[in-house]
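Colleague: Return a 3D structure for these sequence lines:
(2 chains)
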Amino acid sequence: MIPDLMDQMRRAFAIAKKDVRIYYLNGPVVIFGILAPAFLFLAFMIGRDLPVDFLIAGLLGMTVFFTSTSITPVIAPTETQTRNLERLAAAPVSITTILFGDMIASVFFGIAISLVPIFLGVAFGVAIAHPLILAVGIVLAAFCFSALGLVFSSTPTSMTSTVMMISMLTKFPLVFVSGVFIPIQEMPSWGRALASLSPLTYITDLCRYCIEGTCANYYPVPLDICALAVFLVIFMVTAVKLHERSLPMRL
Amino acid sequence: MKNTKNTKNMIEAEGLTKNYGEVVAVDHIDIEVASGEIFGFLGPNGAGKTTTVRMLTGIIRPTRGRVRIAGFDLRRDPIKAKEVMGVVPELSNAYNGLSAWRNLQLMAELYGVPAKDAKARAEGLLVRFGLHDRKDHKTRTFSKGMKQRLVIAMSLMSDPEILFLDEPTSGLDVLSARMIKEVLRELNNEGKTIFLTTHYMEEANQLCNRVAIINHGKIAAVDSPEKLKARMGGLGRVEVSFDTPVDSSDLRRLSGVTDVRASGDKTYLYTDEPGRTIQHLVDCCRSGGMEIVTLNTLTPTLEDVFIKLTGDGEVSVGDANALEGAANNDS
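Modeller: You can find the predicted model right below:
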């Protein structure tokens, strides 16, 4: 049982390496991962007198969110089109292993790009009060958002544009309800209820705690971490179930 | 040595069925392929070949039926079953964004081949398939023949006991096709079991120990190419050309002739008794003042068997039954 599990883990890492080489290690993807959240953030923040630590915390949450959900949705449709998915389906790996491999690559990408706003913050004199909790939060959030990307990619299509449309239609509303631009404390009660349904809320809240200080967060830290873990499990289980159903339709 | 169960048959399928809604793509087929055999799987387009191969390789799940690969139940032990097989799909599916070397290493990692073995095996396969000088080039720069050779090399990275190939030489240049056929022979000599789907009758005739012909999702016949040819009555032919045009109705009356077909300057007399037919043909020509330019007897080809079983678009139950009956008499 355990050796079999280890074998599948090693194979998931092989899939992750393949994903990194093919999908992540190219200029446009890296630039998009950095610029997309930065531009969106600047568009809403310019002209508003907000402290830099508040800005960096929001930018960090959004960067992890956008980068971790950027590529995972397109891998399955792309590999359907190129018929590489058939190659993986014939290999001695389970669907969970394939998805886990895609997720690992996305997590690495999400973590690597999230260092950009952290370094940016440090350059502007922002002090990180709780680096260890921030690291745990970013890793957990990267897993959670990568799993969300896998849910998007379960659409049984070979058209990446279809998946990207679904992905964007979900991601943008989430950004606006997750306390990135308006602190949760300042939201009306219905806004707070809505925010509690978004996983992005919890990583943003955690970033605020770690960067702005102990009183900046709305939810308790353990709740932020538990919520991210629960969303991760929900997204991963949903993704596996949906992919099990959609894989035969793709081949 | 691979982790295989001690079994005579490397591939076993029982009552394999695949429905797509109302459409029955594969209809209760049984297949047994013995260890070390090259088994040909023939059929017209849309007959259910690729669906069958995909079910046998665990790519799609059958609606009904059971598959055992090297003794492993494909539904209960999919990972172990897939570890002992290599798969070459109908269309090349190497990763275009990776080099040939990286594609081979990816396969090794997916099949759990130790890194040291993987390097040595990849080197050997690249040399064997004439790709060594391009090993660091991205696959997208490869020709169709090179891609197909790479895909076969990828399927061999795990040194599988069983190899499934779906139309491996389709659309390839003569040299690539010949190289692939040669490799298949070598692999078979090494003891590998090969399940070969092909459109090329001559390829199946040359390579396969046994062939199955599938039509409309059902197996119409299974046997060795020679036995299939021998069992198909009425497919023996006399090829004759005359110095002047001849009325085919006169030839139909000759002893043993079941059909007459003209093609170019040649006439084909289908007969169960070629000797008697030739005698009567010569007599007929003498009495009619005709001169025979060439005369050949032709035995039935695998293509004839295939056409007879599938050519009318329906499985000829009579033909299939005749073959089955003959097979039972033999055994």
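Colleague: quick one: buried residues of stretch B:279-291?
Modeller: Of all the residues in stretch B:279-291, those buried under the rule 16 or more other CB atoms under 10 Å in any protein chain shown are B:H280, B:L281, B:C285, B:M290. For glycine as for every other residue, the C-beta is placed from the backbone atoms N, C-alpha and C.
Colleague: which residues touch the residue in the stretch 201-331 of chain B positioned nearest to chain A?
Modeller: Scanning the stretch 201-331 of chain B for proximity to chain A using CB to the nearest CB identifies B:G217 as nearest, at 17.4 Å. Residues in contact with B:G217, defined by CB atoms under 8 Å, 6 or more residues apart in numbering or on different chains, are B:K18, B:V24, B:A25, B:V26, B:D27, B:I29, B:A47, B:G48, B:T51.
Colleague: Reformat the residues you listed as JSON lines; add neighbour count, pLDDT and distance to A:L247.
Modeller: What follows is those, written out as JSON lines (neighbours: other CB atoms under 10 Å in any protein chain shown; pLDDT from 0 to 100; distance: CB to CB, whole Å):
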{"residue": "B:K18", "neighbour count": "22", "pLDDT": "94", "distance to A:L247": "15"}
{"residue": "B:V24", "neighbour count": "16", "pLDDT": "92", "distance to A:L247": "22"}
{"residue": "B:A25", "neighbour count": "19", "pLDDT": "93", "distance to A:L247": "17"}
{"residue": "B:V26", "neighbour count": "28", "pLDDT": "94", "distance to A:L247": "19"}
{"residue": "B:D27", "neighbour count": "17", "pLDDT": "93", "distance to A:L247": "23"}
{"residue": "B:I29", "neighbour count": "22", "pLDDT": "94", "distance to A:L247": "23"}
{"residue": "B:A47", "neighbour count": "22", "pLDDT": "87", "distance to A:L247": "24"}
{"residue": "B:G48", "neighbour count": "24", "pLDDT": "90", "distance to A:L247": "20"}
{"residue": "B:T51", "neighbour count": "20", "pLDDT": "92", "distance to A:L247": "15"}
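Colleague: Which member of those residues is positioned nearest B:P62?
Modeller: Comparing these against B:P62 with CB to CB picks out B:K18 as the nearest, at 5.5 Å.
Colleague: Show me what the closest one is bridged to.
Modeller: Residues in a beta bridge with B:K18, per DSSP bridges, are B:V26.
Colleague: Can you report how many residues neighbour the residue of the stretch 1-150 of chain B found nearest chain A?
Modeller: Closest residue of the stretch 1-150 of chain B to chain A, CB to the nearest CB: B:E109 (3.4 Å). A total of 20 residues lie near B:E109 under the criterion other CB atoms under 10 Å in any protein chain shown.
Colleague: same deal with A:A12?
Modeller: 23.
Colleague: thought it was touching A:V107?
Modeller: No: using CB atoms under 8 Å, A:A12 makes no contact with A:V107, being 11.5 Å away.
Colleague: Can you name the residue of chain A nearest chain B?
Modeller: Residue nearest to chain B within chain A (CB to the nearest CB): A:A14, separated by 3.4 Å.
Colleague: element containing that residue?
Modeller: In this structure, A:A14 sits in helix A:2-19 according to DSSP states H and E.
Colleague: which other helices and strands contact that helix?
Modeller: Applying 3 or more CB pairs under 8 Å, 6 or more residues apart in numbering or on different chains; DSSP states H and E, one finds that helix A:2-19 contacts helix A:95-123, helix B:78-83, helix B:100-110.
Colleague: how about a cut-off of 6 Å?
Modeller: Identification of packing neighbours for helix A:2-19 by 3 or more CB pairs under 6 Å, 6 or more residues apart in numbering or on different chains; DSSP states H and E yields helix A:95-123, helix B:100-110.
Colleague: now, of those helices, which is deepest in the fold?
Modeller: helix B:100-110 (a mean of 24; mean count of other CB atoms under 10 Å in any protein chain shown).
Colleague: Keeping just the C-alphas, turn that helix into PDB.
Modeller: Backbone C-alpha positions of helix B:100-110 (Å, rounded to 0.1, in the frame of the first residue of the first chain) are rendered in PDB as follows:
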ATOM      1  CA  ALA B 100      13.100  13.100 -27.700                       C
ATOM      2  CA  TRP B 101      15.300  12.500 -24.700                       C
ATOM      3  CA  ARG B 102      12.900  14.200 -22.200                       C
ATOM      4  CA  ASN B 103      10.000  12.300 -23.700                       C
ATOM      5  CA  LEU B 104      11.800   9.000 -23.100                       C
ATOM      6  CA  GLN B 105      12.800  10.000 -19.600                       C
ATOM      7  CA  LEU B 106       9.200  11.000 -18.800                       C
ATOM      8  CA  MET B 107       8.000   7.600 -19.900                       C
ATOM      9  CA  ALA B 108      10.700   5.900 -17.700                       C
ATOM     10  CA  GLU B 109       9.500   8.000 -14.700                       C
ATOM     11  CA  LEU B 110       5.800   7.200 -15.300                       C
END
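Colleague: starting at the chain centroid, how far to it?
Modeller: The chain centre lies 28 Å from the centre of helix B:100-110; the measure is CA atoms, centre = their mean, to the nearest Å.
Colleague: right, and the helix or strand after that helix?
Modeller: Counting by DSSP H and E, the next helix or strand C-terminal to helix B:100-110 is helix B:115-128.
Colleague: mind checking how far A:P73 is from A:C210?
Modeller: Taking CB to CB, to the nearest Å as the measure, A:P73 and A:C210 are separated by 28 Å.
Colleague: picking that back up, of the contacts of B:G217, closest to A:L120?
Modeller: Looking at the contacts of B:G217 and their distance to A:L120, the nearest is B:T51, at 54.1 Å (CB to CB).
Colleague: hang on, the closest one packs against B:V23?
Modeller: No: checked against CB atoms under 6 Å, the pair B:T51 and B:V23 is beyond contact range at 10.4 Å.
Colleague: The stretch 101-250 of chain B: strands as residue ranges?
Modeller: Per DSSP state E, counting those that start in this stretch, the stretch 101-250 of chain B carries strands over the ranges B:162-166, B:193-197, B:210-215, B:218-223, B:237-242.
Colleague: which helices and strands does the last one pack with?
Modeller: When you say that, I think you mean strand B:237-242. For strand B:237-242, the helices and strands in contact under the criterion 3+ CB pairs under 6 Å, 6+ apart are strand B:266-271, strand B:292-298.
Colleague: likewise the fourth one?
Modeller: Using 3+ CB pairs under 6 Å, 6+ apart as the contact criterion, the elements in contact with strand B:218-223 are strand B:210-215.
Colleague: And the strand it packs on, how far out from the chain middle?
Modeller: 8 Å.
Colleague: Kindly calculate the angle that that strand makes with strand B:193-197.
Modeller: 30 degrees (axes from the mean of the first three to the mean of the last three CA atoms, to 10 degrees).
Colleague: which helices and strands sit right next to strand B:210-215?
Modeller: Contact here means 3+ CB pairs under 6 Å, 6+ apart; on that basis strand B:210-215 packs against strand B:38-42, strand B:218-223.
Colleague: ok, and which of those strands has the densest surroundings?
Modeller: For these, the stretch with the most neighbours on average is strand B:38-42, a mean of 26; neighbours defined as mean count of other CB under 10 Å.
Colleague: All good on my end, thank you.
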